[in-house]
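1. Would you be able to build a 3D model of this:
(one chain, ligands or ions: 3)
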Amino acid sequence: MTLKENLALPVGTTLDRFIMRKQEDFPYATGELSQLLRDIALAAKIVNRAINHAGLTDIGGAYGKQNVQGEDQQKLDVVANIRFIRALRNGGEVCAIISEEEEEVIHTGNNNGKYIVAIDPLDGSSNIDVNVSIGTIFSIYRRISEIGTEATMEDFYQKGTEQVAAGYVIYGSSTMLVYTTGCGVNGFTYETSLGEFFLSHPNITTPQNGNIYSVNEGGFNHFPESIKHYVELCRVRNYAARYIGSLVADFHRNLLKGGIYLYPNTLKSPGGKLRLLYECNALAFLVEQAGGKASNGSQRILEIQPSELHQRCTFYIGSKEMVDEVENLMVARERPVRSSMLV
Ligand SMILES: O=P(O)(O)OC[C@H]1O[C@](O)(COP(=O)(O)O)[C@@H](O)[C@@H]1O
Ligand SMILES: [Mg+2]
Ligand SMILES: [Mg+2]
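-> Ligands and ions are numbered 1, 2, ... in the order given. I've put the predicted structure just below:
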């Protein structure tokens, strides 16, 4: 499908129809990835309803247990986790799932499934009960191990460059599904009364530069010097400080308007807070497809070799020129030390 054909599509094309049309671009496609995307959309609709009704039912509030990250699980974290796992298992296309809410890999029993999914079922947990936008983030990989067998570690530790699809759902003033299969980024808005996602944001691209910066300045004193310097530059330039505290929502705004989201290493999170496999890789794939950039300060996020299911990394993502500047500042702050060592 060419850009011209893509933009000629009447806004209002359903997600289903769009997926089918996209599949036609791949003559050897067998429809499993298309079905998997539909399974994710179905679970998103169910989770959307649970979120909308949280205040009226007893699924708001804390669940009373901690997840593998040592974070207090919210009931909606657990509900979303169950709903997505169930939809992926019942769909039959997925052989294994990595979830933020599960310590170990979930083998679905579909050993003939071609795909691995890494998922953050509910992102922005601290905003669940206060009616602020939250989300779901997912990455999809093709398995490496032999079909018919149980998935193995090599399937789970693929670099972000190996993603075949990635996306997020944002549960906000409207609910949207935004995803890529490596041919651009498209956004779909959920029409609740019809129960359908409709194409509303075709071929999303992000501005090369912006004047929005998103960082939790509460940790400023413990930021690396280069990041302190970058934040001060943003202030001097009178950039707009915007931080929702839900990664999906901060990313979505900056994707559409231009801007940068920063989560450096802090006292509380010395290696960074965000998780490579089910938060950073997906958004890095999307932002690159939209013309932006994602880095840990010195390395392209998609090139990082995973070695743990729940590994964290520092995360700088958004408009290319803004992330470039952060990288340059970090390298520059690094260099003087080296030259002084030479003396
Ligand atoms: O409260 P902090 O330290 O600013 O962290 C906020 C970040 O943590 C997260 O909530 C982590 O994600 P989860 O809610 O999925 O655990 C991000 O959505 C958000 O950007
Ligand atoms: Mg998250
Ligand atoms: Mg989460």
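2. buried ones in stretch 198-208?
-> Across stretch 198-208, burial judged by 16 or more other Cβ atoms under 10 Å covers F198, L199, S200, P202, N203, I204, T206, P207. Placement of C-beta: from N, CA and C, glycine included.
3. Cross the residues you listed against strands and list the overlap.
-> F198, L199, S200 (DSSP state E).
4. which non-adjacent residue is nearest the second one?
-> In space, and not counting its chain neighbours, L199 is closest to T13: 4.3 Å by Cβ to Cβ, 6 or more residues apart in numbering.
5. Can you give me the pLDDT of that neighbour?
-> T13 carries a pLDDT value of 90.
6. picking that back up, turn the buried residues of stretch 198-208 into TSV, columns for pLDDT and distance to ligand 3.
-> Listed next are the buried residues of stretch 198-208 as TSV, based on pLDDT from 0 to 100; distance: Cβ to the ion, whole Å:
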residue	pLDDT	distance to ligand 3
F198	96	27
L199	95	27
S200	95	25
P202	93	28
N203	95	28
I204	97	23
T206	98	23
P207	98	28
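7. Which one of those residues is nearest to ligand 1?
-> Ligand 1 lies nearest to T206 out of those, by Cβ to the nearest ligand atom, at 17.9 Å.
8. Take the ones in strands among the buried residues of stretch 198-208 and lay them out in TSV including distance to S295.
-> What follows is those, written out as TSV (distance: Cβ to Cβ, whole Å):
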residue	distance to S295
F198	34
L199	30
S200	29
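9. H252: which of these is nearest?
-> S200 (12.7 Å; Cβ to Cβ).
10. so who does the closest one touch?
-> Applying Cβ atoms under 8 Å, 6 or more residues apart in numbering to S200 gives the contacts V11, M176, G187, F188, T189.
11. Dump the C-alpha coordinates for the helix or strand harbouring the third one into CSV.
-> This means G187. With elements taken from DSSP states H and E, the one containing G187 is strand 185-191. Provided in CSV are the C-alpha atoms of strand 185-191 (Å, rounded to 0.1, in the frame of the first residue of the first chain):
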residue,chain,number,x,y,z
VAL,A,185,2.5,4.0,12.3
ASN,A,186,-1.3,4.2,12.3
GLY,A,187,-3.8,5.2,15.0
PHE,A,188,-7.3,4.0,15.5
THR,A,189,-10.0,5.5,17.8
TYR,A,190,-12.5,3.3,19.6
GLU,A,191,-16.1,4.0,18.9
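12. Who does it pair with, and is each partner parallel or antiparallel?
-> strand 175-180 (antiparallel), strand 196-201 (antiparallel) (DSSP bridges).
13. Buried residues, that strand. List them.
-> V185, N186, G187, F188, T189, Y190.
14. In CSV, list the residues you listed along with pLDDT and distance to R21.
-> CSV is the format used below for the buried residues of strand 185-191 (pLDDT from 0 to 100; distance: Cβ to Cβ, whole Å):
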residue, pLDDT, distance to R21
V185, 97, 16
N186, 96, 11
G187, 97, 16
F188, 97, 13
T189, 97, 18
Y190, 97, 19
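15. can you list contacts of whatever helix or strand R235 lives in?
-> Per DSSP H and E, R235 falls inside helix 225-236. With contacts defined as Cβ under 8 Å, 6+ apart, helix 225-236 is touched by 213, 215, 217, 220, 223, 241, 262, 264, 297, 325-326, 329-330, 332-333.
16. try stretch 37-47
-> 15-16, 19, 79-80, 83-84, 86-88, 90-91, 93-94, 121-122, 136, 138, 165, 167, 169, 171, 175, 177, 179, 190, 195, 197.
17. And the buried ones among these, selectable in PyMOL?
-> Typed into PyMOL, the line below selects the buried ones among those, using 16+ other Cβ under 10 Å:
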select buried, resi 15+19+79+80+83+84+87+88+91+93+94+121+122+136+138+165+167+169+171+175+177+179+190+197
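18. So which of the contacts of stretch 37-47 belong to helices?
-> Those of these mapping onto helices are L15, D16, I19, V79, A80, R83, F84, R86, A87, L88, N90, G91, per DSSP state H.
19. need the residues of the stretch 1-150 of the chain near ligand 3, please.
-> Counting by Cβ under 5 Å from the ion, the stretch 1-150 of the chain comes close to ligand 3 at E100, D120, L122, D123.
20. residues in contact with G64?
-> Counting by Cβ under 8 Å, 6+ apart, G64 has contacts Q73.
21. helix or strand for it, which one?
-> Judged by DSSP H and E, G64 forms part of strand 62-66.
22. And ligand 1, is that strand touching that?
-> No: against ligand 1, strand 62-66 shows no contacts by Cβ under 6 Å from any ligand atom, the least distance being 11.8 Å.
23. Can you give the distance of stretch 162-177 from its chain's centre?
-> How far stretch 162-177 lies from its chain's middle: 7 Å, per Cα atoms, centre = their mean, to the nearest Å.
24. hang on, I meant stretch 251-270
-> In terms of Cα atoms, centre = their mean, the centre of stretch 251-270 is set 12 Å apart from its chain centre.
25. before we move on, back to that, what's the neighbour count on the residue nearest to L199?
-> 17 (other Cβ atoms under 10 Å).
26. Looking at strand pairing, list the partners for the residue of the chain found nearest ligand 2.
-> Ranked by Cβ to the ion, the top residue of the chain for proximity to ligand 2 is D123, at 3.5 Å. Following DSSP bridges, D123 is listed with bridge partners G135.
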